[in-house]
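1. okay, structure incoming, though there's no sequence with it:
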């Protein structure tokens with residue numbers, strides 16, 4: 001595998017880790033209404049476990065309110081049960097046509113728990129990035145052992161991969177820092 005291919009493949013893998021982190025962080029609740037907090041909730045709809053986001057239109061007309069307008073009004077009760085079973089800590093109310101989710105203020109204790117959870121997610125992403133770096137360096141060592149690349153070339157590519165890793169770790173840190181700010185805003 002050529003140096004540019006290895007670098008490109010390593011960078012793609014690291015970018016996927018960061019994309020997964022962003023998706024996971026988007027499901028964490030902050031002080032304001034965000035439709036993405038419903039992404040992991042599924043409803044049994046005609047025998048199939050269907051994400052709640054695919055069963056209706058979700059809007060946020062006010063900073064602390066989510067409104068779910070299901071396309072099939074018969075499923076409102078099932079949607080409510082799924083939301084209550086989730087770990088969101090939000091009690092849904094409905095008027096027969098739409099479900100309203102009033103996002104309560106987060107307590108200081110809950111905010112700190114969410115920050116810890118965000119940091120844990122960040123650490124897991126960093127570990128994944130470091131594992132990708134290790135795989136790439138192992139690949140370089142194997143190429144050198146097989147005589148495909150010189151020692152100088154191996155060292156240069158290892159330095160490139162280390163710089164890439166450092167950049168991705170810094171990117172993860174800034175994403176986590178921003179999420180912490182969002183969570184701690186009162």
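-> Now that the structure is in, tell me what you want to look at. Only a predicted model underlies this, so the values are computations on that prediction, with no experimental measurement involved. Numbers count the residues shown, from 1 in each chain.
2. start to end distance for stretch 59-66?
-> 6 Å (C-alpha to C-alpha, to the nearest Å).
3. what about that stretch, average pLDDT?
-> Mean pLDDT, computed over stretch 59-66, is 85.
4. sort out which residues of it are buried, please.
-> residue 66 (16 or more other C-beta atoms under 10 Å). Heads up, the C-betas are built off the backbone N, CA and C, glycines and all.
5. contacts for it next, please.
-> For stretch 59-66, the external contacting residues (C-beta atoms under 8 Å, 6 or more residues apart in numbering) are 31-35, 37-38, 58, 67, 69, 100-104.
6. what is the subsequent helix or strand relative to the top helix by length along the chain?
-> Counting residues, the longest helix found in the chain (DSSP state H) is helix 108-146. Downstream of helix 108-146, the next assigned helix or strand under DSSP states H and E is helix 151-184.
7. chain center to that next one: distance?
-> 17 Å (C-alpha atoms, centre = their mean, to the nearest Å).
8. wasn't residue 16 part of a helix?
-> Yes. Counting by DSSP: H, G, I helix; E, B strand; the rest coil, residue 16 is part of a helix.
9. against residue 154, how distant is residue 147?
-> The gap separating residue 147 from residue 154 is 11 Å, by C-beta to C-beta, to the nearest Å.
10. quick one on the thing from earlier: list the buried residues for the longest helix of the chain?
-> In helix 108-146, counting by 16+ other C-beta under 10 Å, buried: 111, 114-115, 118, 121-122, 125-126, 128-129, 132-133, 136-137, 139-140, 143-144.
11. same check on stretch 83-98?
-> Buried-residue list, stretch 83-98, by 16+ other C-beta under 10 Å: 83, 88, 90, 92, 98.
12. where does the chain have low pLDDT?
-> 1, 29-31, 186 (pLDDT under 70).
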